[in-house]
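1. mind folding the following:
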Amino acid sequence: MDNIHKPKEDIGTDLVYREYVMREEFVYHAPFNPEMEFYDLVKAGNIKKVEKSLKEDFCSKKGLGELSKNKVQSFKYHFVITAAQLSRHCIDGGMEHERAYTLSDLYINRVDECSTLKQISNLHRDMVLDYTRRMNQLKTGKTYSRHIAHCLDYIYNHLHERILVSELAEVVGMNENYLSRLFAKEVGMPISRYVSAKKIETAKNMLTYSEYTPAEIANILAFPSQSYFVKVFREYEGVTPGKFRG
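-> Numbers count the residues shown, from 1 in each chain. Now for the predicted structure:
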């Protein structure tokens, strides 16, 4: 009979057997309290303590249950669980729910493309620190006006499109020139530069965690051409996309 449709008594038998094997081999799940303390550190934006906790490689961590006979797939499942926990804890800590869930979706999509434990571990570290830094900024960083916060969210959700200042002004209902001045004052850089920086940040992640070519990435992120993408990438990173990927 297919394992998916096992009768309840078979599941119960499997559970008893699994618990027996774990006791005999001294294999136990990670204790609950330290796990919750970890998520609380992320929620608090405590970068220093979170970095310390990440010294143990995710895919070498003891106490994680076997969720698949395939080890890579098993850690992908654990990664998804972590992403779900991070998003919910950070929402509880004040992160805007759409951003928290979208961030979770993006990382889950990326782990789906991973083929090795090392890739999963590296992505896990990036994800945890990403949430922690965002919470740290939320707790200690400067706050933006409603219009600028709306702009930042719009840019975040439209990096795959060409973003014009005139469009942003229309979205937030402000004069284009006034919006440009307010954005530069609050964010510390012009809108166009901020958009470019976020696109390059996304391009770096795509080069690291996906198989997309630089030409495909340039197209996905709505750069006018591959040559322009290479030019902007080099300005920010000092190397071409190809060299960055190595």
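
2. report the buried residues of the helix or strand harbouring K76.
-> Assessed by DSSP states H and E, K76 sits inside helix 71-92. Judged by neighbour count (16 or more other Cβ atoms under 10 Å), helix 71-92 contains these buried residues: 74-80, 82-83, 85-91. In this view, the C-beta of every residue, glycine as well, is placed from N, C-alpha and C.

3. try stretch 152-162
-> Those would be L152, I155, L159, for stretch 152-162 by 16+ other Cβ under 10 Å.

4. need the distance between the two termini of that stretch.
-> In terms of Cα to Cα, to the nearest Å, the two terminal residues of stretch 152-162 are separated by 15 Å.

5. got the contact list for that stretch?
-> 96, 98-99, 102, 144, 163, 168, 171-172, 187, 194-195, 198-199, 202, 220-222 (Cβ atoms under 8 Å, 6 or more residues apart in numbering).

6. give me that answer again for 7 Å
-> With contact meaning Cβ atoms under 7 Å, 6 or more residues apart in numbering, stretch 152-162 is reached by Y144, I163, L168, V171, Y194, V195, K198, K199, T202, I220, L221, A222.

7. what sits against S145?
-> E186.

8. let's see 6 Å
-> Going by Cβ atoms under 6 Å, 6 or more residues apart in numbering, S145 touches no other residue.

9. next one: it relative to M174, how far apart?
-> 10 Å (Cβ to Cβ, to the nearest Å).

10. K71 now?
-> 52 Å.

11. and Y39, by the same measure?
-> Distance from Y39 to M174, by Cβ to Cβ: 38 Å.

12. buried stuff in stretch 93-111?
-> In stretch 93-111, counting by 16+ other Cβ under 10 Å, buried: G93, M95, R99, A100, Y101, L103, S104, Y107, I108, R110, V111.

13. and of these, the nearest to E211?
-> Nearest to E211 among the buried residues of stretch 93-111, counting by Cβ to Cβ, is R110 at 11.5 Å.

14. now that closest one, nearest residue through space, not along the chain?
-> Y209 (4.6 Å; Cβ to Cβ, 6 or more residues apart in numbering).

15. pLDDT averaged over the longest helix along the chain - what is it?
-> Counting by DSSP state H, the longest helix found in the chain is helix 117-140. Mean pLDDT, computed over helix 117-140, is 89.

16. other residues contacting that helix?
-> Contacts of helix 117-140 (Cβ under 6 Å, 6+ apart): 42, 45, 47, 50, 54, 57-59, 75, 79, 86, 90, 93-94, 107, 110-111, 114.

17. roughly how far apart are V111 and V80?
-> 7 Å.

18. swap in H160?
-> In terms of Cβ to Cβ, H160 sits 23 Å off from V80.

19. try E186
-> E186 is 35 Å from V80, by Cβ to Cβ.

20. got it, and R134?
-> 19 Å.

21. try Y101
-> For Y101, the distance to V80 - Cβ to Cβ - is 13 Å.

22. N136 too?
-> 24 Å.

23. and what of A184?
-> Distance from A184 to V80, by Cβ to Cβ: 39 Å.

24. domain assignment for the protein?
-> Under the assignment automatic domain parsing, the domains of the chain span 31-140, 146-245.

25. tell me the pLDDT at E19?
-> 49.

26. from now on call the first residue 29
-> From this message on, residue numbering opens at 29, which makes the last subject E47.

27. where does pLDDT dip in this structure?
-> 29-62, 91, 169-171 (pLDDT under 70).
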